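J.: have a look at this prediction, sequence included:
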Amino acid sequence: MHTLQHLSGTRRKQFLHATSLAIVAVAILAGFIGAGASLVQAQPQNISADKPALEYDVASIKQVIPGGGLINAARIIPYLETPDGLIARFASLRMLILRAYAIDDYQLSGAPDWIIKEHYDIDAKFDGTTADKLQKLSPTDRVLARQQMLQELLAERFSLTIHREDKEVQVYYLITAKNGPALREVKLDDADSSKPKAGPAPGSGTMTVGASGGRINGYVTPIATLTGMLTRVLHRPVLDRTGLTEKYDFTLRWTPDDLPPQPSSGVQGTVGASSNGLPSTDPSPNAGPSLFTALQEQLGLKLESSKGSVEFIVIDRIERPSGN
């Protein structure tokens, strides 16, 4: 892999002491990145054997230099895939690893503190041939190919090596409630005139959680997306045992009970259609049901506490990046 020329002759000074606005901006963008990732449940992260192994041709990685001022929240881009590469601004290495292996935060172990504290600007590019190959892949294989490309970049530039371990941990199993699911099944060729003709991509969703309440919206969304969001809210793995294999529109609203308040976070997309009868929009702390009750009343689903096997990514080696 070759490296890019420096993108600017002037070294841009960045700042680590953030205002509350900057912190919220990081949380929002982190939510955008993470919501598409589902739990790794002993599933292979490789694309089909007959699909090409792709990589970035050039990459520039620069550590953000600490300063004494405020972070410019507008320039924070933890991770953005472009038609010819990726862009990251003020990105932590931990976040990039979570993205590369499609895991949630709790599934990473053996990580040194600096991969959270230090931040990087990254510009990586691939050529037209690689772009064409990516476009010919199925959407699922394209996502996996991009993950593998990021894995290769981290291995080459940060000397990242990992191994996988299955561990027994406390989990929640998501199952159907007594009266069955209350989700609206949606087909990609749904001709329903009430369905938006433009807007969020199939499989997308939004999530906001704060002291005044929580809301999750799904648009043509698989259950894996919902379990991933619930995992981030509950701080415990949520594993799918519903047997539901289709895609759904849904809206889930609840009032946090004993759950730690979370910064508001968003994922690209808008509210999907729902016929689930929402609770009051009164923002007072006791305005609506708990998350567990809301799941049963609004979606016909239930959480059961148990122990389960979850795959972890364990870092064996990682170093600060090699020079450009």
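T.: Received it, and whenever you're ready, just let me know what you need.

J.: which strand or helix spans the nearest residue to Thr255 once chain neighbours are set aside?
T.: Leaving aside its sequence neighbours, Thr255 sits nearest to Gly288 (C-beta to C-beta, 6 or more residues apart in numbering; 4.2 Å). Using the backbone N, CA and C atoms, a C-beta is placed for each residue, glycine as well. For Gly288, there is no host helix or strand (DSSP states H and E).

J.: what's around Gly288, how many residues?
T.: Neighbour count for Gly288, taken as other C-beta atoms under 10 Å: 24.

J.: repeat that for Ser138.
T.: Neighbours of Ser138 (other C-beta under 10 Å): 12.

J.: give the contact list for it.
T.: Going by C-beta atoms under 8 Å, 6 or more residues apart in numbering, Ser138 touches no other residue.

J.: distance of it from Leu80?
T.: According to C-beta to C-beta, to the nearest Å, Ser138 and Leu80 sit 22 Å apart.

J.: just checking, what packs against the helix ranked longest in the chain?
T.: Scanning the chain for the longest helix, with DSSP state H as the assignment, gives helix 139-158. Judged by 3 or more C-beta pairs under 8 Å, 6 or more residues apart in numbering; DSSP states H and E, the packing partners of helix 139-158 are strand 58-63, helix 93-101, helix 128-136.

J.: quick check: next helix or strand after that helix?
T.: strand 161-176.

J.: what's the helix or strand that that following strand is followed by packed up against?
T.: For strand 161-176, the following helix or strand on the C-terminal side (DSSP H and E) is strand 184-185. Judged by 3+ C-beta pairs under 8 Å, 6+ apart, strand 184-185 is in contact with strand 248-254.

J.: direction included, what does the strand it packs on pair up with?
T.: The pairing partners recorded for strand 248-254 under DSSP bridges are strand 184-185 (antiparallel), strand 213-221 (antiparallel).

J.: and of these, who's closest to Phe90?
T.: Of all the strands paired with strand 248-254, strand 213-221 sits nearest to Phe90, with 26.8 Å by C-beta to C-beta.

J.: give the rounded mean pLDDT of that closest one.
T.: Mean pLDDT, strand 213-221: 90.

J.: also stretch 227-239?
T.: Averaged across stretch 227-239, the pLDDT comes to 92.

J.: again with stretch 147-156
T.: Here the average pLDDT along stretch 147-156 is 96.

J.: lowest-confidence helix or strand of this protein?
T.: Least confident element among the helices and strands of the chain, by mean pLDDT, DSSP states H and E: helix 20-34 (a mean of 35).

J.: show me the beta-bridge partners of Leu214.
T.: Let me fix one detail, which is that residue 214 is Gly and not Leu. Gly214 has these beta-bridge partners by DSSP bridges: Val209, Trp254.

J.: quick one, helices of the stretch 201-324 of the chain?
T.: Counting by DSSP state H, counting those that start in this stretch, the stretch 201-324 of the chain has helices at residues 223-234, 291-294.

J.: one step back: select, out of the helices and strands packed on helix 139-158, the one closest to Leu295.
T.: helix 93-101 (25.2 Å).

J.: packing partners for that closest one?
T.: Packing partners of helix 93-101 (3+ C-beta pairs under 8 Å, 6+ apart): helix 20-34, strand 77-82, strand 108-109, helix 114-117, helix 139-158, strand 301-317.

J.: let's have those in JSON lines, adding mean neighbour count and distance to Asp240.
T.: Listed next are the helices and strands packed on helix 93-101 as JSON lines, based on neighbours: other C-beta atoms under 10 Å; distance: least, C-beta to C-beta, whole Å:
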{"stretch": "helix 20-34", "mean neighbour count": "18", "distance to Asp240": "17"}
{"stretch": "strand 77-82", "mean neighbour count": "17", "distance to Asp240": "25"}
{"stretch": "strand 108-109", "mean neighbour count": "15", "distance to Asp240": "21"}
{"stretch": "helix 114-117", "mean neighbour count": "14", "distance to Asp240": "29"}
{"stretch": "helix 139-158", "mean neighbour count": "18", "distance to Asp240": "17"}
{"stretch": "strand 301-317", "mean neighbour count": "16", "distance to Asp240": "10"}
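
J.: now the ones you listed in a markdown table, with distance to Thr208?
T.: Below are the helices and strands packed on helix 93-101 laid out as a markdown table (distance: least, C-beta to C-beta, whole Å):
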| stretch | distance to Thr208 |
| --- | --- |
| helix 20-34 | 9 |
| strand 77-82 | 18 |
| strand 108-109 | 25 |
| helix 114-117 | 24 |
| helix 139-158 | 24 |
| strand 301-317 | 20 |
